[in-house]
Structures are given as structure tokens and as C-alpha cells.
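> Generate a structure from the sequence data that follows.
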Amino acid sequence: MIGLLCFVLAVLASPFRSKLRLEAENAVLRHQLNVVRRRLHGRVRLTNHDRWFFIQLYRWFPSILKVLTIIRPETLVRWHRAGFRCYWRWKSRPHGGRPQIDTELRVLIQRMSMENPLWGAPRIHGELLKLGFEVAQSSVAKYMVKRRGPPCQGWRTFLHNHAPDIAAMDLFVVPTIGFDLLYAFIIVRLDRRELAWINVTTNPTAEWVARQLTEAFPWDEAPGYMIRDRDRIYGTVVTRRLRAMGIRDKPIAPASPWQNGVAERLIGSIRRECLDHIIVLGEANLRRILKSYARYYNEKRTHLALEKDAPLSRTVKRAGRILCRPVIGGLHHEYVRI
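Presented below is the predicted three-dimensional model:
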């Protein structure tokens with residue numbers, strides 16, 4: 001009864017359909033009959049021609065989905081999308097022209113542009129030519145990292161360029177076995193974390209600090225800037241001596257020891273690695289210990305900030321017998337090849 005009702009409704013609606021639409025639906029029905037008749041046993045087998053026929057009619061008349069019975073509408077839509085992808089993949093195939101650039105070269109161009117913000121495409125192109133890469137300058141400009149603002153150096157580059165001209169100084173207190181207080185004075189260069197000067201006194205004065213500065217930087221070895229805290233010991237005599245040596249005085253802000261972080265870190269290393277493990281007998285004893293630690297610190301001790309190298313760079317030795325030598329009475333050891 002329901003099938004008869006559907007047939008009657010289809011007959012009544014047929015005058016309102018276009019002739020081409022009816023012919024398309026009839027063609028789909030006839031082709032489905034041919035496919036079913038072609039079946040020998042088991043499920044219906046569709047060839048690529050059958051799929052192409054259904055897809056083309058679906059492109060022109062989407063209403064044929066209503067009369068498909070041997071396949072699901074979702075299957076036909078999936079075929080159509082797969083054909084669409086294959087078509088545009090074929091349309092997008094390379095037709096010769098400029099050769100493609102390798103991924104490794106593109107990564108190298110981006111790396112150069114990020115590491116050298118002041119370089120443009122001509123400069124990077126020249127470096128690539130010297131490295132043996134045959135590439136056009138326009139291709140280099142295409143794969144460079146795009147920047148919104150003008151090129152500028154980062155803080156790391158800025159500090160790296162200025163560190164050789166900056167030094168820092170500070171004083172710290174060391175108790176002795178007799179509960180007396182000794183004062184150790186240090187000067188450290190910021191570029192290689194080199195401990196440039198260390199000395200000990202029982203009565204630090206401005207004149208004594210000024211004399212240490214003169215002995216630490218003879219001739220033309222003085223840095224351009226000196227970072228210090230606002231201790232009252234750095235009086236007029238010290239500032240006048242710095243000015244005479246061509247050093248610009250840079251005191252830190254009040255109660256801001258982090259602004260002199262390199263010197264504070266060095267003092268912490270001296271305490272943790274040396275003074276916290278010994279008992280100081282007197283001024284001469286402390287001076288000898290600190291001088292020994294300074295040689296070990298500058299020549300042998302590796303630093304994270306220097307990529308595991310010493311302030312006075314150590315050469316890598318791969319051959320020879322390893323020899324262990326005690327430093328600071330056996331508190332540390334140095335290892336060398338002979």
C-alpha cells in the first residue's frame with residue numbers, strides 16, 4: 001500500500017520535473033540494472049567506469065541520490081571527493097621551471113636570518129654562495145624570517161659585545177680561628193668571568209682599595225666600566241682613581257645586590273667551594289688560600305656560562321696518561337694528560 005502511494009505521488013509530481021532530470025534518474029536506474037545483471041555470485045562488483053558514470057551524473061544532477069539502491073549515498077559522495085582531490089593533485093603537479101629548494105637549505109636560510117638580524121637577502125645570499133649553494137637571491141628573500149619592526153640585536157648580543165669592557169668589584173668578610181675579621185677584595189671581568197684580582201686586609205680603607213685597582217690593571221688593561229655597590233669605603237679617593245685610570249664608575253642602586261650579580265656569584269662560589277671547608281688561621285694564611293683558589297678558578301675550573309670552559313681557556317687533550325693533582329690542600333683536584 002505504501003509503495004503504491006509513493007508511485008502515485010511520483011506520477012503526480014512528474015509533470016513538474018525537468019525532462020533532463022527525469023532522464024538522468026532513468027539512466028541511473030538502467031545502469032544499476034545492468035550492474036546487477038552482470039553479477040555472477042556474491043556482492044555487486046563496480047568497475048571504475050561505473051564509479052565515473054555515477055559521479056558525473058551526481059555532479060550534474062544531485063537528485064539521483066534518491067534513486068540509488070546498489071550503493072549508499074555516502075559512498076558516492078566519498079568517491080566524488082576522492083576524485084576531486086586526485087583532479088587538483090594532477091592540476092598542481094610541477095611543470096618544470098625553477099627547481100625546488102631542499103628543506104635543509106630552507107632551514108639554513110631561516111637560521112641565518114634569525115641569528116643575524118642585521119643581514120639582508122644579499123648578505124645571506126653571498127654566504128650561501130661561499131658555502132657552495134647555488135640559489136637565487138629572490139629565493140633567499142622568500143624563505144627569510146619576516147620581521148615586523150626594524151632589525152635590532154638582542155640583549156644577549158648587546159651584553160656579549162660590552163662584557164669585555166666591564167668589570168665588577170666587591171668586598172666580603174672572612175672570620176679567623178681567633179674570631180677576628182678579615183676583608184677580602186675581588187675584581188672580576190664579566191666577559192670570561194676571570195678573577196682579575198684578589199687580596200686580603202685587616203683594615204680596608206679607600207686608599208687601600210685605590211692601590212688595589214692600580215695593581216690589578218697596569219698600563220692599558222683597565223676596563224671601560226666598573227660596577228660596585230654603595231659601600232662607604234668607596235670614597236672620593238676611589239672614584240678619583242677610577243677617573244684617572246679612564247674607568248667609568250657605575251655604582252648599583254641602593255639595596256640591589258642582584259645588579260652586581262657576577263661578583264656576588266663569585267663570592268658565593270669562593271665560600272661554597274673553599275672557605276666553608278677550612279679554618280682560616282690568619283691574614284697570610286687566607287691570602288695564600290685565596291691565591292691558590294684564584295689560580296684554580298681561572299685556569300682549571302669549568303663554568304656553565306662559558307660552555308664548560310675555564311676563564312683562561314683550556315685546550316682539549318685527547319691523548320696521554322691522565323694525571324691527578326691536588327689543589328688547595330686536596331680540597332679540589334685538577335686532571336691533566338701527560
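> And stretch 308-323, what's buried?
Neighbour-count burial for stretch 308-323 flags 310-311 (criterion: 16 or more other C-beta atoms under 10 Å). (Glycine included, C-beta is placed from N, CA and C.)
> try stretch 207-222
Within stretch 207-222, the residues that count as buried by 16+ other C-beta under 10 Å are 208-210, 212-213, 216-217, 222.
> The residues you listed in helices, which ones?
Judged by DSSP state H, helices contain the following of the buried residues of stretch 207-222: 208-210, 212-213, 216.
> Can you name the secondary structure element that comes next after the strand or helix carrying Arg271?
With the criterion set as DSSP states H and E, the secondary-structure element containing Arg271 is helix 261-273. Per DSSP H and E, helix 261-273 leads on to helix 283-299 as the next helix or strand towards the C-terminus.
> Check the offset of that following helix from the chain's centre.
38 Å (C-alpha atoms, centre = their mean, to the nearest Å).
> And for stretch 320-333?
37 Å.
> Next, the distance between the ends of that stretch.
With C-alpha to C-alpha, to the nearest Å applied, stretch 320-333 spans 18 Å between its terminal residues.
> Give me the contacts around it.
Residues outside stretch 320-333 that contact it (C-beta atoms under 8 Å, 6 or more residues apart in numbering): 273-274, 277-278, 289, 292-293, 296, 300-301, 334-338.
> which residues of the protein fall in strands?
Along the chain, the segments classed as strands by DSSP state E run 166-175, 181-189, 195-201, 225-228, 248-251, 322-327, 332-337.
> in the longest one, what's buried?
Of the residues in strand 166-175, those buried under the neighbour-count criterion (16+ other C-beta under 10 Å) are 166-172, 174.
> Quick check: of the residues you listed, which lies closest to Glu194?
When the buried residues of strand 166-175 are compared for distance to Glu194 (C-beta to C-beta), Ala167 comes out closest, at 9.2 Å.
> where does the chain have its least confident helix or strand?
Averaged element by element with mean pLDDT, DSSP states H and E, the chain has its least confident helix or strand at helix 2-13 (a mean of 43).
> Number of residues surrounding Val327?
In terms of burial, Val327 registers 18 neighbours under the definition other C-beta atoms under 10 Å.
> What residues are bridge-paired with it?
Going by DSSP bridges, Val327 is paired in beta bridges with His332.
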